[in-house]
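**Student:** the following block contains a protein sequence and its predicted model.
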There are 2 protein chains.
Amino acid sequence: MSDIQGYNPRTGEPHGNPIPSTAVHEVDALARAGAAAFESWAALSSHERATYLDAVADALDAASERLVALADAETALGAPRLTTELKRTTNQLRLFGDVLREGSWVEATLDSPNPDIIPPRPDLRRLLRPLGTVGVFAASNFPFAFSVAGGDTASALAAGCPVVVKAHPSHPGTSHETARVVAAALPGGVFGIVHGQQAGVALVEHPAIKAVGFTGSTAGGRALFDLAAGRPEPIPFYGELGSVNPTVVLPGAAGARPEGFAAEFVGSLTLGVGQFCTNPGLLFAPESLVPALGGAVSAATGGPMLNERMCDAYRSGTAGLGSSGLVTPVAEGTAPDEGWSVPPRLYSVPLATFADNLGKLTEEHFGPAAVVVTYSSPEELLDVLPLLPGSLTGTVHADEGEHALAGRVAEALRPAVGRLIFNGWPTGVAVAWGMHHGGPWPATTSALHTSVGATAIRRWLAPVTYQSWPEDLLPPELRSDNPLGIPRRVDGVLGVH
Amino acid sequence: MSDIQGYNPRTGEPHGNPIPSTAVHEVDALARAGAAAFESWAALSSHERATYLDAVADALDAASERLVALADAETALGAPRLTTELKRTTNQLRLFGDVLREGSWVEATLDSPNPDIIPPRPDLRRLLRPLGTVGVFAASNFPFAFSVAGGDTASALAAGCPVVVKAHPSHPGTSHETARVVAAALPGGVFGIVHGQQAGVALVEHPAIKAVGFTGSTAGGRALFDLAAGRPEPIPFYGELGSVNPTVVLPGAAGARPEGFAAEFVGSLTLGVGQFCTNPGLLFAPESLVPALGGAVSAATGGPMLNERMCDAYRSGTAGLGSSGLVTPVAEGTAPDEGWSVPPRLYSVPLATFADNLGKLTEEHFGPAAVVVTYSSPEELLDVLPLLPGSLTGTVHADEGEHALAGRVAEALRPAVGRLIFNGWPTGVAVAWGMHHGGPWPATTSALHTSVGATAIRRWLAPVTYQSWPEDLLPPELRSDNPLGIPRRVDGVLGVH
């Protein structure tokens, strides 16, 4: 069991002191500590837990300069982006505070008795309760927003679940330091962190862990999903995995301003060196747009990938694609002469060839690479889009005269995606009540759930119904006089009553 | 591949003509037919689908006499119970019609744009959409309410999902006839039925099947859950499996009216020959209550089990328990001298012995058998209750002076159960907005979901978010002027707006 060493992607050299891998007995102790803390953490009122989430957010904001410097050294994502990402992370914690205070997250439901129907109905009162201690696997590509204090952690803590995070080895120092800040703002046992692959496996298999959140690769996610499903007591595993994010440019939108469009596309493609799960890796466009796209990619500069493995996988994956005989290499940008840098790359393929080689050509190449699938007839495109694998997003670009066609494209994409974007770009995931960051397999392991947005809290909650209980023994959310003043469903009607 | 023969449990003799097992190619055709019908079924308005559900309910009600006679011949559950069960089934279909008409089931959520926050928020509009064609495994013990036209089917159809049912071999004729009535009331392809174990496996493995509902044994459910999770594209599997339904009698409640209490207990225990998933198989009571319980069980009469396998399993399982040396046989009732009849049986064990042999003594013996765990100190009881495996229900009986203790017992039971009952009996599951019929493993394969009640529809739905779409291309549920007048969340606030 080796230590976890952070690296500077700009040099490929070690950065900071190695972090010891967590031994299995230490994982056991943290999972038990979570289980021991569960009852009191879950028993706090929504307002009390919201106050803790705000405190975590404030503590992270106060440590921003230090955390950002650490993360930049370990990820090379740059201080401006990382500063924004940390702010996004703390705002996400605050959103869950708002969700708790609003109160409908418990889905309080009251039915009055009716002995005269079949079957007779007793007094029924339902609400959601936290599942128990949650394991969270941090992502490589968002050292803050999808990592130690990211959306999985924030939503699980909000739900009333203690959290044990498995840090990502691409930023061990950042993870260690973030965890220190988070743990200091919470009651003992409510938050823990582990390092190393063996510790991650032990976490998923631990009987005290009642659900797992994960952001990462399809292969890694699938292996852990299989572990979670194969336990004597299977537990939910919410994995956000691979996504090619199909983007469709209709002819009018493509012809109106090819250079401007191409520049925006490359901006989205190369954001964070293409290391976004919502990276637009698959573009459907008229052939006429390819020169402008190629020009923009040629003019673009890449950057260092998060780690050596990803750098190698990008280089060999795109090289294999380029030499597959299926696609035409269109353009390659510049790779800065530092560390694990890679160049943006663009390939093209006609729609018919794409349709015949769908499996190979919808593989995700994590990084700033895209395949442009050229089509001549939108009708032919509409036949192919329903064959796409699940993605987090699908995007349509259309001009004013193409709304009807855009609607048909959206219908064709919808079954395969979690978010449909009109005349925009998939990168940039807002943190909001209405956000859905999910999608069918292989985008996620559970199409029903989201890892971003208010409803991410649902993943960690299960219902319980109280039947015929006296008022004085009911949780306040379910008492007849609604002492908390929360929105509830009473005899089928939603309202604050 | 043999035919499926129904039997009369009162005689053990075959009843009716055998139903052919469904060949794998026929399963394929039905799954594809479902997939072909999906788009148009899902595209219907909520009100249109509600009208279909009402039509199915009306058609089943019109066929009640014939269906009940068939079911009674194949299950021996008796015409009065079966008539009520069919009415419950049709009322369940009508409840889902109400759920559709109310409109909040799509969870429409609108967020207005805000470019000034981090991250910036575009116009976001979220709603739930059906997953696709659903496989439903019918139960043995409820030939109507948890079978062909039961809660899984009703909720999936309501969600917009076509359904292919795997019939239970204990009532093939009833299943066949019910399916005929259901299919005739629905558009082609929206509903299909298959028979036979091989067909069931093919259904779970079929790529066009996007989720599965199941009610049955822990072993059978686990095998199918593993299949569903092991697919190249894993799908959700909602299994309702085994449950011992702990029932706690506090000293005051036990002492107040021992004979009356014992009679009620035995009534719940022997309902439907104990073949209820909410059967109270595990009673915690003061030693002083045992004579009354024993008397009531001795005076009770059993009846024929649904099939020979269940009859044999009950006999050998309870015989093994009785001779295990762990429990004391307390009483045995009468088994009618017909077919696959079994007698009610009661065993007792002291709390300490129970706690030391929890695994063996919390095995479900499907049928009218119970173990009474005798305790002397409620405090000791509170230490043991948190060790119980997951159950659908947990019940507390307390008198007026025992409310505080009842509250503590409820807290101890709550993590392990889906429904908590006060001074009542777990058998009888109301169909309502606030019902939760679920619980932690092994009660179900997914503690987040219910197979009864309005929220059962959630199992078949996944979110999609529309980002920055023009009004004319949005589904009506998401348009700014709320043309359907449904409850929605707008900028975080729930209401009809």
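**Tutor:** Looks like it came in fine.
**Student:** can we go C-alpha only for contacts and neighbour counts from here?
**Tutor:** Noted.
**Student:** wait, residue A:72 touches residue A:82, no?
**Tutor:** Yes - contact status for residue A:72 versus residue A:82: in contact at 7.2 Å, counting by C-alpha atoms under 8 Å.
**Student:** neighbours of the residue lying closest to residue A:494 once chain neighbours are set aside, how many?
**Tutor:** Distance criterion C-alpha to C-alpha, 6 or more residues apart in numbering or on different chains; nearest residue to residue A:494, sequence neighbours excluded, is residue A:488 at 5.6 Å. Look at residue A:488: counted by other C-alpha atoms under 10 Å in any protein chain shown, it has 25 neighbours.
**Student:** surely residue A:488 and residue A:497 touch.
**Tutor:** Yes - if you go by C-alpha under 8 Å, residue A:488 and residue A:497 touch, sitting 6.4 Å apart.
**Student:** does the closest residue to residue A:448 other than its chain neighbours sit in a helix, a strand or a coil?
**Tutor:** The spatially closest residue to residue A:448, leaving aside those adjacent along the chain, is residue B:462, at 4.3 Å (C-alpha to C-alpha, 6+ apart). Following DSSP: H, G, I helix; E, B strand; the rest coil, the label given to residue B:462 is strand.
**Student:** quick one, what contacts residue A:485?
**Tutor:** A:496, A:497 (C-alpha atoms under 8 Å, 6 or more residues apart in numbering or on different chains).
**Student:** the same query, at a cut-off of 10 Å, please.
**Tutor:** A:102, A:103, A:476, A:477, A:495, A:496, A:497 (C-alpha atoms under 10 Å, 6 or more residues apart in numbering or on different chains).
**Student:** for the helix or strand harbouring residue A:352, buried residues please.
**Tutor:** Per DSSP states H and E, residue A:352 falls inside helix A:351-356. Buried residues in helix A:351-356, counted by 16 or more other C-alpha atoms under 10 Å in any protein chain shown: A:351, A:354, A:355.
**Student:** show me what contacts the nearest residue to the last one once chain neighbours are set aside?
**Tutor:** Setting aside the residues directly before and after it, residue A:355 is nearest to residue A:384 in space (C-alpha to C-alpha, 6+ apart), at 6.5 Å. For residue A:384, the contacting residues are A:351, A:352, A:354, A:355, A:356, A:358, A:378, A:412, A:413, taking C-alpha under 10 Å, 6+ apart as the criterion.
**Student:** just the pLDDT for residue A:384.
**Tutor:** In this model, residue A:384 is scored at 97, pLDDT.
**Student:** before we move on, what about residue A:389?
**Tutor:** 96.
**Student:** wait, it sits on residue A:414?
**Tutor:** No - using C-alpha atoms under 10 Å, residue A:389 is not in contact with residue A:414, being 11.4 Å away.
**Student:** list residues touching both of the two?
**Tutor:** residue A:439.
**Student:** domain ranges for chain A?
**Tutor:** A:4-241+A:447-460, A:246-422 (automatic domain parsing).
**Student:** residue of the stretch 151-300 of chain A closest to chain B, please.
**Tutor:** residue A:233 (6.2 Å; C-alpha to the nearest C-alpha).
**Student:** and residue A:350, what does it touch?
**Tutor:** A:284, A:285, A:286, A:287, A:326, A:327, A:328, A:372, A:373, A:374, A:375, A:376.
**Student:** tell me the one of the residues you listed nearest residue B:256?
**Tutor:** Nearest to residue B:256 out of the contacts of residue A:350 is residue A:284 (C-alpha to C-alpha; 75.8 Å).
**Student:** how many residues are close by the closest one?
**Tutor:** 25.
**Student:** quick one: contacts for the residue lying closest to residue A:423 once chain neighbours are set aside?
**Tutor:** Closest residue to residue A:423 apart from its sequence neighbours, by C-alpha to C-alpha, 6+ apart: residue A:397 at 4.5 Å. When contacts are counted by C-alpha under 10 Å, 6+ apart, residue A:397 touches A:247-254, A:261, A:285, A:403, A:406, A:409, A:421-425.
**Student:** let's see 8 Å
**Tutor:** A:247, A:248, A:249, A:250, A:253, A:254, A:406, A:422, A:423, A:424.
**Student:** against residue A:248, how distant is the last one?
**Tutor:** By that I understand residue A:424. 11 Å (C-alpha to C-alpha, to the nearest Å).
**Student:** between these two, which contacts overlap?
**Tutor:** What both residue A:424 and residue A:248 touch, as defined by C-alpha under 8 Å, 6+ apart, is the set A:395, A:396, A:397.
**Student:** just checking, the first one is part of a helix?
**Tutor:** In this case it means residue A:395. No - judged by three-state DSSP, residue A:395 forms no part of a helix; its state is strand.
**Student:** please tell me how far the residue nearest to residue A:452 when sequence neighbours are not counted sits from residue A:467.
**Tutor:** Counting by C-alpha to C-alpha, 6+ apart, residue A:437 is the residue found nearest to residue A:452 once chain neighbours are left out, at 5.4 Å. Counting by C-alpha to C-alpha, the separation of residue A:437 from residue A:467 is 36 Å.
**Student:** so between these two, which is more surrounded?
**Tutor:** residue A:437 (28 against 25).
**Student:** check which helix or strand covers that one.
**Tutor:** Residue A:437 belongs to no helix or strand, assigned by DSSP H and E.
**Student:** wait, what's in contact with residue A:281?
**Tutor:** A:244, A:245, A:246, A:269, A:364, A:365, A:368, A:369, A:370, A:371.
**Student:** ditto for residue A:331
**Tutor:** By C-alpha under 8 Å, 6+ apart, the neighbours of residue A:331 are A:294, A:295, A:297, A:298, A:345, A:346, A:347.
**Student:** and the longest helix that chain A contains, how far out from the chain's middle?
**Tutor:** Assignment by DSSP state H gives helix A:79-102 as the longest helix of chain A. Mean-position distance between helix A:79-102 and its chain equals 14 Å (C-alpha atoms, centre = their mean, to the nearest Å).
**Student:** from the contact counts, what lies against that helix?
**Tutor:** helix A:46-62, helix A:64-75, helix A:151-159 (3 or more C-alpha pairs under 8 Å, 6 or more residues apart in numbering or on different chains; DSSP states H and E).
**Student:** can you pull the pLDDT of residue A:364?
**Tutor:** 89.
**Student:** so what's the residue count around it?
**Tutor:** When neighbours are counted by other C-alpha under 10 Å, residue A:364 comes out with 22.
**Student:** also residue A:219?
**Tutor:** Count around residue A:219 with other C-alpha under 10 Å applied: 12.
**Student:** can you tell me the SS state at it?
**Tutor:** Quick answer, by three-state DSSP: residue A:219 is helix.
**Student:** quick one: low-confidence parts of the stretch 1-150 of chain A?
**Tutor:** In the predicted model of the stretch 1-150 of chain A, residues A:1 satisfy pLDDT under 70.
**Student:** the same query, at a cut-off of 90, please.
**Tutor:** A:1-2 (pLDDT under 90).
**Student:** what parts of it come near chain B?
**Tutor:** Selection of the stretch 1-150 of chain A residues close to chain B by C-alpha under 8 Å from any C-alpha of the partner chain yields A:84, A:87-88, A:91, A:109-111, A:118-122, A:124-126.
**Student:** how about the residue of the stretch 151-300 of chain A closest to chain B, nearest residue that isn't a chain neighbour?
**Tutor:** That would be residue B:441: by C-alpha to C-alpha, 6+ apart, it lies 6.2 Å from residue A:233.
**Student:** residues in contact with that neighbour?
**Tutor:** Going by C-alpha under 8 Å, 6+ apart, residue B:441 touches A:233, A:234, B:389, B:390, B:391, B:447.
**Student:** hmm, what's the outermost residue in chain A?
**Tutor:** The centre of chain A is farthest from one residue, residue A:116, which by C-alpha atoms, centre = their mean lies 48.0 Å away.
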